[in-house]
Each structure stands twice: as structure tokens, then as C-alpha cells.
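Peer 1: fold the following for me, if possible:
(one chain, ligands or ions: 1)
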Amino acid sequence: MEVKSLEFRKLGKTRDSIPLVGMGTYGMGSDDDRAIEALRYGLDRGMSLIDTAEMYSSGHSEELVSRAVEDRRESVFVASKVSPSHFAYDDVLRSAQKSLKRLGLKQMDLYQLHWPNPNIPISETVRATEKLANDGLIRYIGVSNFSVKQVKEAQQSLSKHQIVSNQVEYNLLQRSIESDLIPYCQKEGMTVIAYSPLGQGKIPKGEGVEFDLLDKVAAKLRKSRNQVALNWLIHQDSVVVIPKAIRKEHLAENATASGWKLAKSDYELISKAFA
Ligand code: NAP
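Peer 2: Reported below is the predicted structural model:
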């Protein structure tokens, strides 16, 4: 199948671009063949950003990603994460080596600090990621679930590299990052990678006046509710989304959630309905 290109967005201040809609892999560990087929199906449809973590299925998720990308590594942007329990300097280096081995890669495209660890100075952890970047084992450094203060601290601890992204929960039902994190990332040219963009399945199933409005806008545009919910997130120019889907009909739907843009009036109506 010919690989279709989705809409892309610049990653942080780098020269690289990533698709506005990628794929998450949390909870994909139980049926290997089905998970690999799902990821390859999504890759065929252009969702060429895959997000995983050493923590997911105790590393097995990374092994599944390895099998899904083995014949097309060059066209896939692979992002993984180091767990907070491995934030000590030497542990970060060890974790990265183990992730690379499971992923079957020489280099990860993005390596993210999964969650802040109050017991280890941020500076120690990011210095380790800087070494990984200097050694060519990772291309870019990102964080996840970091507040503005923590991102600033991480950035200040780097001498040569940039924090290119912050992966945080963002969906129509969880919008707390709009007050400070999104404006900060926009100002600093940092990408927001929105996780749980469908509220872990709550948005597809949601009921109430706000969902009626979402369905109405979707019907007018001949899109699905979930496509509109994803498109609403990527309306902001620093945001990309990584929905997780195992079902092909979900993957096909998500892959066509970009390449078009909600009108400002619809965007505002939805924003207000879900405020
Ligand atoms: P999500 O993507 O919001 O929701 C996943 C659920 O939505 C699955 O049950 C999936 O069903 C369903 N779904 C997907 N597309 C759909 C569609 N078009 N129509 C109807 N249902 C649809 O939640 P998530 O898995 O929590 O988040 C996505 C990814 O973000 C994760 O996989 C992970 O990579 C990342 N994440 C990161 C963190 C972090 O701390 N950094 C935390 C949570 C998640 P099927 O699977 O049955 O198709």
C-alpha cells in the first residue's frame, strides 16, 4: 500500500516534522500479532509517529514497536520514555541502552522523561539525556507530565540541546494545560504531545449537551465525533495527538482527523460547550 502523508508539524524548534496524528501504544501488550498489525495499518495510513515507553507492558510494548517498524524504520519517528525510577544518571544511560535493544534501533528519535521524580534533581536526569544525545543514541530530548516550572528547570540544565516537547494529558474533558502550559510551549517553540486525546475512550462514549453539539458539528462536516475531537486539539499550532487504537476502523478514522481544519466559529463553539 502506498504510504499517505498526513499533515505534519515542526517538532519544537528542530528542522524535523512529525505528523499531527501519531499512535500511542499503552495497553497494547496482550495480543502481539493484533498489536503489530494495528501499528502497521496505522503506519500505512501515515501515522508515522509511534509513542512507547520502557514502562509499557514492562518493555514488551517497545518490542512490538520494533517488529512493527522493522522494514520501514526510516519513515517512522519512534518516541520512548524513561521511567522516573530510572532517573539517576547511570540508570538513564542503562535504560536507554535497554530500550534501544528492545526497539531494535541504534537511535531513538525522541527520548522523554516519563514523569517528574521529586527525589532526583532534574538537572542530573537531563544531563544524562544530553550525554545520550551527544553520543548519538537519541536525537531529541523531551519531557512528559512536567509543569512549566519543571520544564524551565530541565531546559536550564541543558547546555547544548533543547527540550523539544512535553507530553501531557489533553482532551476535551481535560483542559487544565490551557491556562499556562500551552501558552508557555507556544512562546518557547516547544511541541505539546497530547496523550489520552480521546479521554481513554470517554469521548467516543460521552453523552450530554456538549456531546450533542460535537455530534452536530461532526455531522455538518461529514466527520465523526472522534475526528472532530482530535481536530479540535490540533487546531492549536503547537499540539500533536497520539491516540491509541487497536481496531482498524478506529485507526482509519484517526488517520483522517487531520488535513482539514475546524472553522474558528466551530472551534469556539466546541471550546465553550466543553469549558
Ligand atoms: P486514548 O488514546 O484517549 O483512548 C484510547 C481508547 O480510545 C481505546 O479504547 C481505543 O479503542 C479508543 N479509540 C481510539 N480511537 C478511536 C476512535 N476513532 N473511535 C472510537 N474509539 C477510539 O487514551 P490513551 O491510550 O490513554 O492515550 C494514548 C496514548 O498516550 C497511550 O497509548 C500512550 O502512548 C500515551 N500516554 C502517555 C501517558 C504519559 O504519562 N505520558 C499517559 C497515558 C497515555 P481500541 O484500542 O479498541 O481501538
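Peer 1: which parts of this protein are helices?
Peer 2: Residue ranges of the helices in the chain, as given by DSSP state H, are 32-44, 60-69, 89-103, 122-134, 148-156, 181-188, 202-205, 209-221, 225-234, 248-255, 264-273.
Peer 1: present those helices as CSV; the columns should include mean pLDDT, distance to residue 10 and mean neighbour count.
Peer 2: Heads up, the C-betas are built off the backbone N, CA and C, glycines and all. Listed next are the helices of the chain as CSV, based on pLDDT from 0 to 100; distance: least, CB to CB, whole Å; neighbours: other CB atoms under 10 Å:
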stretch, mean pLDDT, distance to residue 10, mean neighbour count
helix 32-44, 97, 21, 19
helix 60-69, 97, 22, 23
helix 89-103, 98, 24, 18
helix 122-134, 98, 18, 19
helix 148-156, 98, 18, 17
helix 181-188, 97, 12, 17
helix 202-205, 97, 27, 15
helix 209-221, 98, 26, 16
helix 225-234, 98, 13, 23
helix 248-255, 97, 20, 18
helix 264-273, 98, 21, 15
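Peer 1: quick one, which of these is nearest to residue 50?
Peer 2: In terms of CB to CB, the element of the helices of the chain nearest to residue 50 is helix 60-69, at 5.5 Å.
Peer 1: export that closest one as PDB, just CAs?
Peer 2: The C-alpha coordinates for helix 60-69 follow below in PDB (Å, rounded to 0.1, in the frame of the first residue of the first chain):
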ATOM      1  CA  HIS A  60       7.200  -5.500  25.700                       C
ATOM      2  CA  SER A  61       5.500  -2.600  24.000                       C
ATOM      3  CA  GLU A  62       8.900  -1.500  22.700                       C
ATOM      4  CA  GLU A  63       9.500  -5.000  21.300                       C
ATOM      5  CA  LEU A  64       6.100  -4.800  19.500                       C
ATOM      6  CA  VAL A  65       7.100  -1.400  18.000                       C
ATOM      7  CA  SER A  66      10.400  -3.000  16.900                       C
ATOM      8  CA  ARG A  67       8.500  -5.700  15.000                       C
ATOM      9  CA  ALA A  68       6.000  -3.200  13.500                       C
ATOM     10  CA  VAL A  69       8.700  -0.900  12.100                       C
END
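Peer 1: name the helices or strands packed onto it?
Peer 2: helix 32-44, strand 49-51, strand 77-82, helix 89-103 (3 or more CB pairs under 8 Å, 6 or more residues apart in numbering; DSSP states H and E).
Peer 1: if we use 7 Å, what do you get?
Peer 2: The contact analysis (3 or more CB pairs under 7 Å, 6 or more residues apart in numbering; DSSP states H and E) places helix 60-69 against helix 32-44, strand 77-82, helix 89-103.
Peer 1: what residues does it touch?
Peer 2: Here helix 60-69 makes contact (CB atoms under 7 Å, 6 or more residues apart in numbering) with 25, 28-29, 32, 35-36, 39-40, 43, 50, 52-54, 76, 78, 80, 99, 102-104.
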